[in-house]
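1. What follows is a predicted protein model with its sequence.
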Amino acid sequence: MATAVAAAFEGERCLAVEAGTGVGKSLAYLLPAALWALTHGRKVLVSTHTRALQEQLLEKDLPLAARVMKLLGHSLRYAMLQGADNYLCVQKLDRLQGSPALFPEAAAKTIAELAQWSRTAETGHRSALPCLVPQGLWSRLSRDPDLCMGPGGRFWNSCLYRKDRERAERAHIVVINHALLLSGARLPAHDALVIDEAHNLEDTAVSHFGLAVTHGRFASLIDDAKSYTGEFPALEAACRALAEESARFLDEQAREQGRPPDPAESGGRLLPEKTAVLVPDSLVGFEKALLAAAGACAKEERQMELKLLQARASVLRGDIQAILSNVSEDMARWIEWSERGVTLRAAPLEVAARLSEGLFSRGIPVVMTSATLSSGRGLKEFKAAVGCPEARELALDSPFDYPSQAGLLIMDDLPPPSENAKYMAAVAARCRKIVDAVPGGVLILFSSWKTLRAVHAKLKRGIKDRPLWMQGDTGHDALMEHFEQAGNAVLLGVDTFWQGVDVSGGALSCVVVVKLPFPNFGSPVEEARRKWFDSMGRGYFEDFSLPRAVMKFRQGFGRLIRSSTDRGAVVVLDPRIAKRGYGQAFLEALPRCRKLSGLDELAAFFSEPAEIK
């Protein structure tokens, strides 16, 4: 892999590499990237999807690469840069410090502590803060590019983000994340790009290029404007009017699309092609009040801040209009609701053209890699989806000895998932038996929160001799730490846990796949996608749903064996893998491993001495 990456850098070509777990792909791209950057005076950006991989690169892999480069007579500099909302803004901090009456005592104390710390700090990254900052307060303290006054502002010399940015400008390798890569923000000038966890690139792009209007966006605008209401009474009245109408506006949109009266019931619906485009009058009035306040403001700095607030309000108004009026076959527009509130959304169904123009049109080498880039049918589909069909490709199998290290048990006697009540009861009962058969940790992967919660409630009544946790019980990092330390815990997770768990040893001995991870067929966005595929004469199931499900299934399987000494089993509870023709696609996508025929064999598998070759 390192040879292929070095050739891509030297030849300024694009490369896609699927490298199985255990290949050591991080060092396989970092070492040639470092050597190329140092010998040619170049800079390489490395983009990841998860914070965990960023930390691994910065705390483990890059220091090792730097030591190797030192042996070769080079001094490697590296840095991290993330999106704006990960950094403390001293301009916003100063403004909040001047309005202590707006906050409870605890928040005011935190603000004062941060102000003292920021005077000598060398970074504004949230992970370096001297105290824990609640998310509600952090949203009012984090950097907002729309409010940044740049070198012309009086806070530029004390700007902590500037210090982080300058370190990145001096570095040979800069680690960023996919969100920043696609944000349109000014990135450090670079000569090559490595995209790790590239299987997330398409979904991140869909999210980034999409639009979302929530009550939180209205509330954030109103909260930021309140800092000026003491000077401008008309702005205070505009804030009150917008606060009252914004929630009502979203609720009315949801009711028009059939939201049931029970606020706890979740759901959503595609917006009809003919949707009335009604922007709240109070939002227009809010914009006018901000402009009037800016015109009347004597201080140039505060005038600029008010104009930037008005620009944010204008963007929100434009997003509402775009979601309600942008009728296009390749754009999904829908409304969703839950007990947390109502959201208007729009998202592109295809992002290849945008990614091609934004990432692959500069003529610099781009290396994309992940343990899972495909459904097992080659990388052609992945390359087309991300807009780089011309990329060279390389597929490397995992070096692990799966026939000795991994067992596979398919339990095809459960009711089909379509028989909802019977299926959930059977899943809970079978999970309990699996837990009894496995002495180590068990990770149970779900495709829906509803099933997860139902099974968790049943297991909670029966499992008393080992820890039982579900996703959301605490933060992801803390939950992973507890799970690994326990050694025999049971952990239930959805979505991100199919790829966001990296636990070696007996602490993760068994992965249970409750249901084949097909995209939610009944969701508004998938309904729009089916119509789009139909309009192009393509098969939604064959060309999208099945390949996506197989790829995610491979990712879930990949949680099991994380080192050459791991040993464990994957249990699949969805009978469709054995009884439907498409089930073979899932089985063929897995590495060859030992087949188990029942719970007794599962228990025996764990009682055997390990014979890892």
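-> Everything's here; your move. Numbering: from 1, shown residues only.
2. any chance you could map the helices in the stretch 451-600 of the chain?
-> 476-486, 524-535, 540, 546-557, 576-579, 583-588, 599-607 (DSSP state H, counting those that start in this stretch).
3. How about the stretch 251-400 of the chain?
-> Counting by DSSP H, counting those that start in this stretch, the stretch 251-400 of the chain has these helices, from start to end: 281-296, 300-325, 352-359, 380-385.
4. Select, out of these, the one closest to residue 451.
-> Among the helices of the stretch 251-400 of the chain, helix 380-385 comes nearest to residue 451, with 28.5 Å by CB to CB. The way it works is simple: take the backbone N, C-alpha and C, and place the C-beta from them, glycine included.
5. May I see the buried residues of that closest one?
-> Neighbour counts over helix 380-385 (16 or more other CB atoms under 10 Å) mark 381-383, 385 as buried.
6. Could I get those residues in a markdown table, plus columns for distance to residue 361 and pLDDT?
-> Formatted as a markdown table, the buried residues of helix 380-385 follow (distance: CB to CB, whole Å; pLDDT from 0 to 100):
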| residue | distance to residue 361 | pLDDT |
| --- | --- | --- |
| 381 | 21 | 91 |
| 382 | 19 | 93 |
| 383 | 15 | 95 |
| 385 | 17 | 93 |
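7. which one among these gets closest to residue 243?
-> Of all these, residue 385 has the smallest distance to residue 243: 41.5 Å, by CB to CB.
8. In contact with that closest one: list those residues for me.
-> Residues near residue 385 by CB atoms under 8 Å, 6 or more residues apart in numbering: 202, 351-352.
9. cool, residue 434 as well?
-> 442, 510, 512, 571, 599, 602.
10. pretty sure the third one is touching residue 433, no?
-> I take that to be residue 512. No - the pair residue 512 / residue 433 is not scored as a contact, 10.8 Å apart, by CB atoms under 8 Å.
11. Which one's more surrounded, those two?
-> Using other CB atoms under 10 Å, the more surrounded residue of residue 512 and residue 433 is residue 512, with 25 against 13.
12. give me the element residue 132 is part of.
-> According to DSSP states H and E, residue 132 maps onto no helix or strand at all.
13. just use 21 as the starting number from now, easier for me
-> In the new numbering, first residue 21, that becomes residue 152.
14. out of everything not next to it in sequence, what's closest to residue 28?
-> Closest residue to residue 28 apart from its sequence neighbours, by CB to CB, 6 or more residues apart in numbering: residue 35 at 4.0 Å.
15. Could you do residue 493 as well?
-> Counting by CB to CB, 6+ apart, residue 499 is the residue found nearest to residue 493 once chain neighbours are left out, at 6.3 Å.
16. So, low pLDDT: which residues of this structure?
-> The model of the chain has pLDDT under 70 over residues 120-122, 630-633.
17. Would you mind splitting it into its domains for me?
-> For the chain, the domain assignment from automatic domain parsing gives the residue ranges 22-97+191-211+384-416, 109-181, 233-368, 422-627.
18. which stretch among those domains comes nearest residue 217?
-> Closest of the domains of the chain to residue 217 is domain 22-97+191-211+384-416, at 3.9 Å (criterion: CB to CB).
19. Span of that closest one from start to end?
-> Counting by CA to CA, to the nearest Å, you get 12 Å between the two ends of domain 22-97+191-211+384-416.
20. Stretch 185-202 now?
-> The straight-line separation of the ends of stretch 185-202 (CA to CA) is 17 Å.
21. In stretch 214-228, which residues are buried?
-> Residues of stretch 214-228 classed as buried under the neighbour-count rule (16+ other CB under 10 Å) are 214-222, 224-226, 228.
22. What of stretch 512-519?
-> Residues of stretch 512-519 classed as buried: 512-514, 517-519 (neighbour count, 16+ other CB under 10 Å).
23. how about the CA coordinates for it, as CSV?
-> Presented in CSV, the C-alpha positions along stretch 512-519 are these (Å, rounded to 0.1, in the frame of the first residue of the first chain):
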residue,chain,number,x,y,z
LEU,A,512,-26.5,-2.2,22.3
GLY,A,513,-25.9,0.3,19.5
VAL,A,514,-27.2,1.6,16.2
ASP,A,515,-25.8,3.3,13.2
THR,A,516,-22.4,4.8,14.2
PHE,A,517,-21.6,1.8,16.3
TRP,A,518,-21.5,-0.3,13.1
GLN,A,519,-18.2,1.4,12.4
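24. Count the neighbours of residue 264 for me.
-> Here the count is done by other CB under 10 Å, and residue 264 has 12 residues near it.
25. That one reaches residue 301, doesn't it?
-> No - Residue 264 is not in contact with residue 301 according to CB under 8 Å; the separation is 11.3 Å.
26. follow-up on the earlier one: nearest to residue 109, of the helices of the stretch 271-420 of the chain?
-> Nearest to residue 109, of all those, is helix 320-345, at 11.7 Å by CB to CB.
27. Tell me what angle that closest one forms with helix 301-316.
-> Angle, helix 320-345 to helix 301-316, by axes from the mean of the first three to the mean of the last three CA atoms, to 10 degrees: 160 degrees.
28. Pull out the buried residues from helix 320-345.
-> Those would be 322, 324-326, 328-330, 332-333, 336-337, 339-340, 342-344, for helix 320-345 by 16+ other CB under 10 Å.
29. Residue 290: which of those residues is nearest?
-> Using CB to CB, residue 343 is the member of those that lies nearest residue 290, at 11.7 Å.
30. In contact with the closest one, which residues?
-> 231, 233, 291, 353, 364-366.
31. Check the burial of the residue nearest to residue 493 by counting its neighbours.
-> 20.
32. My guess is it contacts residue 505. True?
-> No - counting by CB under 8 Å, residue 499 stays clear of residue 505, with 10.9 Å between them.
33. Redo the helices of the stretch 471-620 of the chain as a markdown table? Include distance to residue 286.
-> A markdown table is the format used below for these (distance: least, CB to CB, whole Å):
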| stretch | distance to residue 286 |
| --- | --- |
| helix 496-506 | 22 |
| helix 544-555 | 12 |
| helix 560 | 24 |
| helix 566-577 | 22 |
| helix 596-599 | 25 |
| helix 603-608 | 28 |
| helix 619-627 | 35 |
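34. Identify whichever of those helices lies nearest to residue 390.
-> helix 566-577 (9.1 Å).
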